[in-house]
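Novice: With the input below, show me the fold.
(chains A and B)
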Number of protein chains: 2
Amino acid sequence: METGYFGYQGIVADKLKGVGIRPGDKVLIRSRNKEVIGILMPKNEFSHPSIVIIKLNNGYNIGVKVSEDSIIKKLEKGLMTKHPGEPIKLAEEETLPPKDKKVLIIGTGGTIASRVEYETGAVKPYLDPEELSASVPEILRYSSIEAEELLSIFSEDMNPAYWELICKEISKKVDEFDGIVVAHGTDTMAYTASAVAFAFHKSLSSPIVFTGSQRSSDRPSSDSYFNLISSVIMASMSPFGEVVVVMHGGIGDTYALAHRATKVRKMHTSRRDAFQTINDKPLAKVFPFEGRYEIINESYREKAKESIAEIGFDKRVALIKYYPGMTSELVDFLIDKDYHGIVIEGTGFGHVANHLIKSLERAKESSIPVVATSQTLFGRVNLNVYNTGRKMLMAGVIPADDMLPEVAYVKLSWILSKTRDMKEVKELMLRNLAGEINERHEINYYPRWYYG
Amino acid sequence: METGYFGYQGIVADKLKGVGIRPGDKVLIRSRNKEVIGILMPKNEFSHPSIVIIKLNNGYNIGVKVSEDSIIKKLEKGLMTKHPGEPIKLAEEETLPPKDKKVLIIGTGGTIASRVEYETGAVKPYLDPEELSASVPEILRYSSIEAEELLSIFSEDMNPAYWELICKEISKKVDEFDGIVVAHGTDTMAYTASAVAFAFHKSLSSPIVFTGSQRSSDRPSSDSYFNLISSVIMASMSPFGEVVVVMHGGIGDTYALAHRATKVRKMHTSRRDAFQTINDKPLAKVFPFEGRYEIINESYREKAKESIAEIGFDKRVALIKYYPGMTSELVDFLIDKDYHGIVIEGTGFGHVANHLIKSLERAKESSIPVVATSQTLFGRVNLNVYNTGRKMLMAGVIPADDMLPEVAYVKLSWILSKTRDMKEVKELMLRNLAGEINERHEINYYPRWYYG
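Specialist: I've put the predicted structure just below:
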């Protein structure tokens, strides 16, 4: 239960109330020889009574100790400056969108809307989209914001039925808004984003931007602020008729990247720049402190007049990873259990052991499409180079080109909810629907290892 | 059947025979205004009769057309120079090992010893270790070479029984040789190399170097020459009492990298620098054209007086990848089928959906250890941050720290052949045996994406 003045008590509450400062306001706190400028945050229930929580413009929350002789001033709202105290300037004021832009934030759960449970040190989902936008008032510079809580789950509990729910909600709202931001846990965000991309691959009237946070929003190093502003910029301003994932782009707090949903992957357990595009390049760089973005991949699809949704995901699709020593019983089990499709993460060009090929033939005879991807992630499946690959092709295996294994899984699930005709499934798997196949690889799409 | 002069006929055979040039010799061919220097290769059975196959010092094979007025000269043997025509120099002649070094090359199959089947364009394994060393005479600069064909399989057909065979052969030979090179297909090379690393983690008297080729050795862009020389340098000169994978290190033909077997992964289907170290740095850079190497990671283990082999791999271990929509039936199936251990490639910090936790508890009750790794590959599993992770811990799941999923699989298979006591398995999984756990991550271990 909230008590006091937005949770604050005593001297702190008196000082804030005295100058009419509320959470979301830009404030200056001067204590002895120290001066801090930032956005006032609601009291954190576990912080010390004399501490005021301030969100700095680099996205970090800090606690500032306030005593009798501290001075707290309310500052004018405005774009956050990159460095505290620096005058606010907006290089390209003319590129700011008209204020009649409307962005919808759909909450699904995850760290971006979670809090640390201090008793245990663990993070639990805690969703309040209103608070989300209230605590990051910068997003109101770009658009009016509506927010709704569609789901409140950890992303590891996401599944194809929830994908359908999210697609339906987007389908209902997308033509009303200039863009939609979906707040999602990072663990399975790429899967869900690509599911939405296939459902709307025919036509999309506004950008759908998935975003999340690698550190919970009340931790000092949270990236939720940075990512949310970047996402609202892309949702309100970008010309994309596509689904993108917008997350931190590098080590510094300079830019976020807008990745095509069907080419992005979470590549690190904890880094803020965990999301990276594989076998392609991101669509744009976003500079949240400058309120602008730069297109870096001109192959994006533009907004359409209206959206076409083809929602539906088959729940009987499996993704299995091949490993030396894998027996055929796993594939046979999936066939026996009447799975509708199987994606294999093979080795190298997409291979599995020769002793599995009989089971692949069995799958074909049972009208269960089998798709080959590669556990190398980078590069392109090619079943024409080696004997084993050619035998797999003869057993009907569909090579997934340069698709990520996770994306091939989502795509097969989407296709199988439309058709189970083997020929049609193959034709659709091989056809580039939502940017999931990239015919031209540049040498730089493979990252560089330096090892320090 | 070989006919003519090492397969060569007519004018070409006459010219070669006339000056006593044999495959493996360094030659200069001058035709009109063109001059090529390289190593003469045996006739490729599919090349035109007037073409001589020359291996350039960058490792590429080219075909040089020889006519009546072409001049072919035999050059003195010596270290290959980086650029044709450049005088041979050896900056650190004194670092060359004494000629009494002995390296054993064990062939197991794979592209490094395969040929293109020209009728079909496909590559088939073709192993002749004698020819392997005869066609790359540079390796004799560093050591005397013995070669044997232990296996001739595609690496996708590799399995734990073959790992045992390879370990046994190494165990028999390792104390006799200064180093062993294992020629292996690249698809599953990292799995096999880490298997050998666990089997010999207690003590190893010589470096065991795995190497392979991303392009077959009779293709112009083959990297087998480059990798084989680099491997022999490491096998004969390096101080490692460790298992390493030595493969091309970058785009240029400058250096190879010696990766610790338990930290390396094939990250690209076709690039020559596909092998990269994850969550650590490689042990050394190897400069095959300069005949030297540089240690870049001082944490390597030194050669021991003698080797200790603990061979054995449990064949009833499964590696499964979690994906949204995965039902518990897959885990239940593995329990029902009396699998001895399960490695899960979870999302993010190592999570699976909450609805799977019951099955994980069932595994625990059935004394089947379950290990959590992450499909992000980079970073560290941590089941203490989120509720789901803590539930997994309570269900007995063993967090695999920063181990690669593939390495955790190999390690669990190795452990389970020694003990099936749940407490001992956990203790061994969490203990760093062969460099598979790296407690200190540097920021540069994550590669940089530029996207060009």
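Novice: When you work out contacts or count neighbours from here on, use the C-alpha atoms and nothing else.
Specialist: OK.
Novice: Show me the helices in the stretch 101-250 of chain A, by range?
Specialist: For the stretch 101-250 of chain A, helices defined by DSSP state H, counting those that start in this stretch occupy the ranges A:129-135, A:160-173, A:189-199, A:224-237.
Novice: I'd like those helices written out as TSV, with distance to chain B and mean neighbour count added.
Specialist: Listed next are those as TSV, based on distance: least, CA to the nearest CA, whole Å; neighbours: other CA atoms under 10 Å in any protein chain shown:
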stretch	distance to chain B	mean neighbour count
helix A:129-135	20	18
helix A:160-173	6	18
helix A:189-199	8	27
helix A:224-237	17	29
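Novice: can you list the ones you listed in JSON lines and add mean pLDDT?
Specialist: Output for these, formatted as JSON lines (pLDDT from 0 to 100):
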{"stretch": "helix A:129-135", "mean pLDDT": "59"}
{"stretch": "helix A:160-173", "mean pLDDT": "98"}
{"stretch": "helix A:189-199", "mean pLDDT": "98"}
{"stretch": "helix A:224-237", "mean pLDDT": "92"}
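Novice: Tell me which of these sits nearest to residue A:314.
Specialist: For residue A:314, the closest of the helices of the stretch 101-250 of chain A is helix A:160-173, at 7.5 Å, according to CA to CA.
Novice: and stretch A:180-196, how far out from the chain's middle?
Specialist: Computed by CA atoms, centre = their mean, to the nearest Å, the chain-centroid distance of stretch A:180-196 equals 5 Å.
Novice: Repeat that for stretch A:266-273.
Specialist: For stretch A:266-273, the distance to the chain centre is 12 Å (CA atoms, centre = their mean).
Novice: cool, and stretch A:228-247?
Specialist: 11 Å.
Novice: do the same with stretch A:260-269
Specialist: 8 Å.
Novice: Distance to residue B:18 for the helices of the stretch 101-250 of chain A - can I get that in CSV?
Specialist: Supplementary listing: those in CSV, determined by distance: least, CA to CA, whole Å:
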stretch, distance to residue B:18
helix A:129-135, 84
helix A:160-173, 73
helix A:189-199, 66
helix A:224-237, 73
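Novice: To residue B:262, which of those lies closest?
Specialist: Residue B:262 lies closest to helix A:189-199 among the helices of the stretch 101-250 of chain A, at 28.0 Å (CA to CA).
Novice: Next, the angle from that closest one to helix A:160-173.
Specialist: If you take axes from the mean of the first three to the mean of the last three CA atoms, to 10 degrees, helix A:189-199 sits at 60 degrees to helix A:160-173.
Novice: So which residues make contact with helix A:189-199?
Specialist: A:155, A:158, A:163, A:166-167, A:210-212, A:242-245, A:261-262, A:264-266, A:309-312, A:406-407, A:410-411, A:414, A:433-434, B:324 (CA atoms under 8 Å, 6 or more residues apart in numbering or on different chains).
Novice: Just the C-alphas of that helix, formatted as PDB.
Specialist: Extracted in PDB, the C-alpha atoms of helix A:189-199 (Å, rounded to 0.1, in the frame of the first residue of the first chain):
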ATOM      1  CA  MET A 189      11.000 -12.100 -27.400                       C
ATOM      2  CA  ALA A 190      12.600 -13.000 -30.800                       C
ATOM      3  CA  TYR A 191      10.200 -16.000 -31.100                       C
ATOM      4  CA  THR A 192       7.100 -14.000 -30.500                       C
ATOM      5  CA  ALA A 193       8.200 -11.100 -32.600                       C
ATOM      6  CA  SER A 194       8.800 -13.400 -35.600                       C
ATOM      7  CA  ALA A 195       5.400 -15.000 -35.000                       C
ATOM      8  CA  VAL A 196       3.700 -11.600 -35.300                       C
ATOM      9  CA  ALA A 197       5.900 -10.900 -38.400                       C
ATOM     10  CA  PHE A 198       4.500 -14.100 -40.200                       C
ATOM     11  CA  ALA A 199       0.900 -13.300 -39.100                       C
END
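Novice: so what's residue A:235 up against?
Specialist: A:103, A:178, A:179, A:180, A:181, A:206, A:207, A:208, A:209.
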